[in-house]
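Below: sequence and its predicted model.
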Amino acid sequence: MGVVDGECTFEIENGAARYNTIILKDTIDYLYENEWYEHKINLKYHPGPKITGDSIVIEHRIE
């Protein structure tokens, strides 16, 4: 949960170099769920042209 002042895009690799694209803006309350079999995860962050701020926090849980 958080706030983005502007708009940004996240790409989450879902295996075999395929990415799910998530567009985030304004108030964020996003949950990404997937069956995961890898030991690593790749995230690509693309800030929009009007994004402000200089940090991001990602929380994750593997069950």
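Received it, and whenever you're ready, just let me know what you need.

Let me see the mean pLDDT of stretch 19-33.
Across stretch 19-33, the average pLDDT comes to 85.

how far out from the middle of the chain is it?
Its chain's C-alpha centre and that of stretch 19-33 lie 6 Å apart, by CA atoms, centre = their mean, to the nearest Å.

What of stretch 55-63?
9 Å.

Just the mean pLDDT for that stretch, thanks.
75.

Look at the spatially most central residue of the chain and report its pLDDT.
By CA atoms, centre = their mean, the chain has its centre lying nearest to Phe10, at 4.0 Å. The model reports Phe10 with a pLDDT of 89.

Look up which residues are beta-bridged to it.
Ile22, Tyr45 (DSSP bridges).

Which residue is the nearest non-sequential neighbour of Tyr32?
Setting aside the residues directly before and after it, Tyr32 is nearest to Ile12 in space (CB to CB, 6 or more residues apart in numbering), at 6.1 Å. (Glycine included, C-beta is placed from N, CA and C.)

any idea which element the one you found lies in?
Using DSSP states H and E, the element containing Ile12 is strand 2-13.

Kindly format the C-alpha coordinates of that strand as PDB.
Output in PDB follows, covering the C-alpha atoms of strand 2-13 (Å, rounded to 0.1, in the frame of the first residue of the first chain):
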ATOM      1  CA  GLY A   2       1.400   3.400  -0.900                       C
ATOM      2  CA  VAL A   3       1.100   6.500  -3.100                       C
ATOM      3  CA  VAL A   4       2.700   7.300  -6.400                       C
ATOM      4  CA  ASP A   5       2.900  11.000  -7.300                       C
ATOM      5  CA  GLY A   6       2.600  10.500 -11.000                       C
ATOM      6  CA  GLU A   7       2.600   7.100 -12.800                       C
ATOM      7  CA  CYS A   8       5.000   4.300 -13.200                       C
ATOM      8  CA  THR A   9       5.100   0.800 -14.700                       C
ATOM      9  CA  PHE A  10       6.400  -2.400 -13.100                       C
ATOM     10  CA  GLU A  11       7.200  -5.500 -15.100                       C
ATOM     11  CA  ILE A  12       7.300  -8.800 -13.100                       C
ATOM     12  CA  GLU A  13       8.900 -11.800 -14.700                       C
END
